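> With the sequence up front, the predicted model follows.
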Amino acid sequence: MGEKLGFIGAGSMAESILTGILNSGFLPKEQIYVTNKSDQERLAFLEKQYAVQKTDDVREIIDGADMIVIAVKPYDVKAAASSIGDYLNTDQLVISVVAGVSTDIISQLIGKKVPVVRAMPNTSSAVGQSATAITRGKFAAEKHLETAMELFNTIGTATEVLEDDMHTVTAISGSGPAYVYYLVEAMQAAAVKAGLDQDTAHNLITQTIVGAGEMLKTSGLDPAKLRENITSPGGTTQAGLESLTEHKFQETIMTCVERARNRSIELGKKL
Ligand SMILES: NC(=O)C1=CN([C@@H]2O[C@H](COP(=O)(O)OP(=O)(O)OC[C@H]3O[C@@H](n4cnc5c(N)ncnc54)[C@H](OP(=O)(O)O)[C@@H]3O)[C@@H](O)[C@H]2O)C=CC1
Ligand SMILES: O=C(O)[C@@H]1CCC=N1
């Protein structure tokens, strides 16, 4: 595997990915470099917490790096990608996790025919459980895709998708954990309102989510069947689900995903 991995951008996503990489042993801390725009405190925190290498010189990130991950917000990608073009050579792999922005745009901003792979991980990379979707740009060969898959497979699962589908996966697996956390917040609030203490509620709900995830993964049953298995006629689940149906739960979630997808499309168009 590559000897050096550089991050352009040192925020939540960079931290989640580097945590996963360190925990998996994919690369040692000495071979991971991070930089950002200006927040020195943040770089000092990452250095202290993970013992990765920090620098405010982008050349130090690029020099000798096998892979460079661009992990900046979409509105910063123009400055970030343009800043590395001069120093990159065509055997260095650029991996962009920037929402909405196509590999063609990244290549144009870099201004060189370097291989670009676009990935959409999620913050569960920090615990080795990301669902990452990956696609390759026109200057990236199969081997570059494989290298990126190898990296993301160490921090969860990596699935190749068509670039056109990246907006959809961003809306489901990129943003998806946030929807689940929002559901948990609501369940917790209801439990506490009914008198349960916060810790007990948190522990029970967390294990419920983990268990349901494991059932989805291993039972071989589809979610509708799994739901039906819990729903006794005239029972508690049916009563709860009736309220969700009355409040148009399915339509709401579908609208949520559609809006997130549309925002991904808009983010790409703004550049
Ligand atoms: N958070 C998530 O769950 C996911 C995020 N993504 C994508 O990852 C990207 C990063 O998101 P996230 O980590 O949440 O964002 P954050 O705001 O947490 O971090 C952004 C980082 O980019 C840095 N930055 C900005 N401009 C530059 C520049 N010109 N050169 C170098 N570094 C720069 C910032 O530095 P400074 O602080 O100094 O300004 C900061 O360290 C986004 O495009 C997002 O769409 C993808 C999947 C999931
Ligand atoms: O909210 C965002 O824009 C990013 C992309 C996917 C998750 N977070």
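Done, it's in. Ligands and ions are numbered 1, 2, ... in the order given.
> which residues of the protein fall in helices?
12-24, 40-50, 58-62, 77-85, 103-110, 142-153, 166-169, 176-193, 198-218, 223-230, 236-246, 249-269 (DSSP state H).
> Just the closest residue of this structure to ligand 2, please.
Using Cβ to the nearest ligand atom, the closest approach of the chain to ligand 2 is made by residue 174 at 3.1 Å. The way it works is simple: take the backbone N, C-alpha and C, and place the C-beta from them, glycine included.
> isn't that residue right up against residue 123?
No: applying Cβ atoms under 8 Å, one finds residue 174 not in contact with residue 123, separated by 9.3 Å.
> can you tell me which residues contact the closest residue to the residue of the chain closest to ligand 2 other than its chain neighbours?
Sequence neighbours aside, residue 120 is the residue nearest to residue 174 in space, at 4.6 Å (criterion: Cβ to Cβ, 6 or more residues apart in numbering). Residues near residue 120 by Cβ atoms under 8 Å, 6 or more residues apart in numbering: 97, 99, 132, 133, 134, 166, 169, 170, 173, 174.
> and residue 120, what are its bridge partners?
Beta bridges link residue 120 to residue 133, judged by DSSP bridges.
> now it: how far from residue 144?
Separation of residue 120 from residue 144 (Cβ to Cβ, to the nearest Å): 17 Å.
> List the contacts of the closest residue to residue 53 other than its chain neighbours.
Among residues not flanking residue 53 along the chain, residue 33 sits closest, at 4.6 Å (Cβ to Cβ, 6+ apart). Residues near residue 33 by Cβ under 8 Å, 6+ apart: 4, 5, 6, 7, 52, 53, 54, 55, 60, 61, 65.
> just residue 270 next, same as before
Residue 270 touches 74, 75, counting by Cβ under 8 Å, 6+ apart.
> let's see it at 6 Å
Going by Cβ atoms under 6 Å, 6 or more residues apart in numbering, residue 270 touches no other residue.
> mind checking the end-to-end distance for stretch 101-116?
The straight-line separation of the ends of stretch 101-116 (Cα to Cα, to the nearest Å) is 12 Å.
> is that stretch anywhere near ligand 1?
No: if you take Cβ under 6 Å from any ligand atom as the test, stretch 101-116 misses ligand 1, and the best it gets is 7.5 Å.
> Pull up the gap between residue 231 and residue 42, please.
47 Å.
> Can you give me the neighbour number for the residue nearest to residue 59 when sequence neighbours are not counted?
Residue nearest to residue 59 in three dimensions, not counting chain neighbours: residue 87, with 5.3 Å by Cβ to Cβ, 6+ apart. Using other Cβ atoms under 10 Å, residue 87 has 16 neighbouring residues.
> Report the separation between residue 87 and residue 62.
4 Å.
> which stretches of this structure aren't confidently modelled?
1-2 (pLDDT under 70).
> Nearest to ligand 1 within it, name that residue for me.
residue 11 (1.9 Å).
> Can you pull the phi/psi pair for that residue?
phi -90, psi -150 (degrees, to the nearest 10).
> How about the contacts made by it?
Here residue 11 is in contact with no residue (Cβ under 6 Å, 6+ apart).
> returning to that earlier point: quick one: which two of the contacts of residue 120 are the most distant?
99 and 134 (14.1 Å; Cβ to Cβ).
> count of residues packed around residue 61?
By other Cβ under 10 Å, neighbour count at residue 61 equals 25.
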